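> model this:
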Amino acid sequence: MLKLLGAVFILVASSTAGFRVAKRYADRPRQIRSLLQSLAILETEIVYGSRPLAEVMIHIADREPFPVGKLFRECGTRLRALDGASAYECWRRAIEAIWEQTAMRQPEWEILLHFGQTLGVSDRQDQLQHIRMAMAHLKAEEQHARDDQARYEKMCKSLGILGGALLVILMY
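Modelled structure (predicted):
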């Protein structure tokens, strides 16, 4: 009876690990889409709005799900709290604060940091050009993420279950 219980625990643990890895593959395209939506809102605010950047960031945070919403909230809060800090410094610190909670990878990190370097330092036209460029890069990464999801998500789930089954067979 104890062996059976141990086998069940091993199978559940390995299956859970496989499903967690698969979830990261599924979350990455969703989070990139959320970033794209956020940048579209930022673009609209720059063209038609006249609110300060901190307020715009908080507004975007209220509309977007975790973790993208948290990124914009962190940035907005830092912009309000850190007088004298540049928008880039607040953006970079916000990215560093939430990055581990995302499913995104190095290419998105670099796109977001590069975008942040231009945040709030030029006129509207230049800002719009940089937002559109970041959106174009993120769309390409979203496609890569979807390809990875299609390729690896099901495999990770299967490997988790089958790996656990293999461990159970080898142990008993």
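> can we go C-alpha only for contacts and neighbour counts from here?
OK.
> helices or strands up against whichever strand or helix holds V56?
Following DSSP states H and E, the helix or strand that holds V56 is helix 53-63. Under the contact criterion of 3 or more Cα pairs under 8 Å, 6 or more residues apart in numbering; DSSP states H and E, helix 53-63 touches helix 2-48, helix 68-81.
> which residue packs closest to R63, ignoring adjacent ones?
G69 (7.1 Å; Cα to Cα, 6 or more residues apart in numbering).
> show me what contacts that neighbour?
Listed by Cα atoms under 8 Å, 6 or more residues apart in numbering, the contact set of G69 reads I60, A61, D62, R63.
> any idea how far the residue lying closest to the second one once chain neighbours are set aside lies from T16?
With Cα to Cα, 6+ apart as the criterion, A61 has its nearest non-adjacent residue at 4.0 Å, and that residue is G69. G69 sits 27 Å away from T16, taking Cα to Cα, to the nearest Å as the criterion.
> now do D83
In this view, D83 and T16 are 45 Å apart by Cα to Cα.
> before we move on, back to that, can you tell which of the helices and strands packed on helix 53-63 is closest to W99?
Checking the helices and strands packed on helix 53-63 against W99 by Cα to Cα gives helix 68-81 as the closest, at 8.5 Å.
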